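J.: task: produce atomic coordinates for the following.
(one chain, ligands or ions: 1)
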Amino acid sequence: MDGVKLRLATEADRPAIAELNTRAFGRPDEARIVADLEKAGDVLLQVVAEEDRRIVGHILFYPMGVRGKLGGAGLGPMSVDPAVQRSGIGSQLIKTGLGIMRESGVPIVFVLGHDTYYPKFGFSVEAAEAFECRYKGPHFMALRMRFGPPMSGELIFPAAFGA
Ligand SMILES: CC(C)(COP(=O)(O)OP(=O)(O)OC[C@H]1O[C@@H](n2cnc3c(N)ncnc32)[C@H](O)[C@@H]1OP(=O)(O)O)[C@@H](O)C(=O)NCCC(=O)NCCS
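T.: Residues are numbered from 1 along each chain as shown. Just a heads-up that it's a prediction; the model follows:
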């Protein structure tokens with residue numbers, strides 16, 4: 001983590017973020033999701049980790065709709081340069097991003113991802129249990145930021161994630 005700085009992403013970071021996502025995931029799908037979310041205006045927050053002026057980490061939060069109720073946020077995609085994975089950059093991105101979500105008054109954050117990774121940050125399958133979506137299962141988790149609505153309902157993902 002030495003020498004790594006976190007900051008908000010800017011428009012100029014787009015190509016580097018796309019390249020990082022493609023490399024970290026080993027396919028172009030997540031870079032396309034990021035581009036589609038941006039195009040549709042479905043982005044709440046993007047934070048990047050920078051080392052020697054190179055972007056080595058990225059995290060995105062998007063608005064998550066709950067049918068007929070107050071919405072929340074979704075986390076992802078997120079990626080860290082394979083050369084510097086497992087050095088704490090992903091953790092810093094998640095903690096910083098969640099801190100901003102909490103300060104912004106977001107009631108609940110959802111994530112679809114590694115079931116051994118996100119629980120380290122407080123995400124659980126139980127917190128997502130009362131919500132309906134096609135991803136429901138051991139990899140779909142939530143982190144409640146505060147008690148209160150929405151407590152249940154059908155989740156509406158941005159169009160970038162497919163119909
Ligand atoms: C997942 C990812 C973002 C993690 O970033 P990172 O900077 O390597 O994570 P950290 O160094 O902060 O790791 C934090 C902890 O999670 C563990 N961890 C890291 N990657 C993990 C993984 N894929 N599965 C389970 N645990 C993982 C680390 O060992 C560490 O555990 P510890 O705190 O007990 O030592 C990164 O591996 C990545 O970009 N992977 C490819 C893209 C991807 O899968 N993105 C997430 C989609 S859900």
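
J.: next secondary structure after the lengthiest helix in the chain?
T.: Counting residues, the longest helix in the chain under DSSP state H turns out to be helix 89-103. Of the helices and strands lying after helix 89-103 in sequence (DSSP states H and E), the nearest is strand 108-112.

J.: quick one: that next one to chain centroid distance?
T.: Averaged C-alpha coordinates place strand 108-112 at 8 Å from its chain's average position (CA atoms, centre = their mean, to the nearest Å).

J.: now swap in stretch 2-9 and tell me
T.: For stretch 2-9 - counting by CA atoms, centre = their mean - the centre lies 17 Å from the chain centre.

J.: what about the helices in the protein?
T.: In the chain, the segments counted as helices under DSSP H are 14-25, 29-40, 89-103, 125-128.

J.: what lies in contact with the shortest one?
T.: Outside of helix 125-128, the residues that reach it under the criterion CB atoms under 8 Å, 6 or more residues apart in numbering are 108, 110, 115, 136-138, 140-144. In short, each C-beta sits where N, CA and C put it, glycine included.

J.: now the longest one
T.: Residues from elsewhere that reach helix 89-103 (CB under 8 Å, 6+ apart): 1, 4, 6, 44-45, 47, 49, 56-59, 61, 73, 75, 78, 80, 109, 117-118, 120-121, 143, 145-146.
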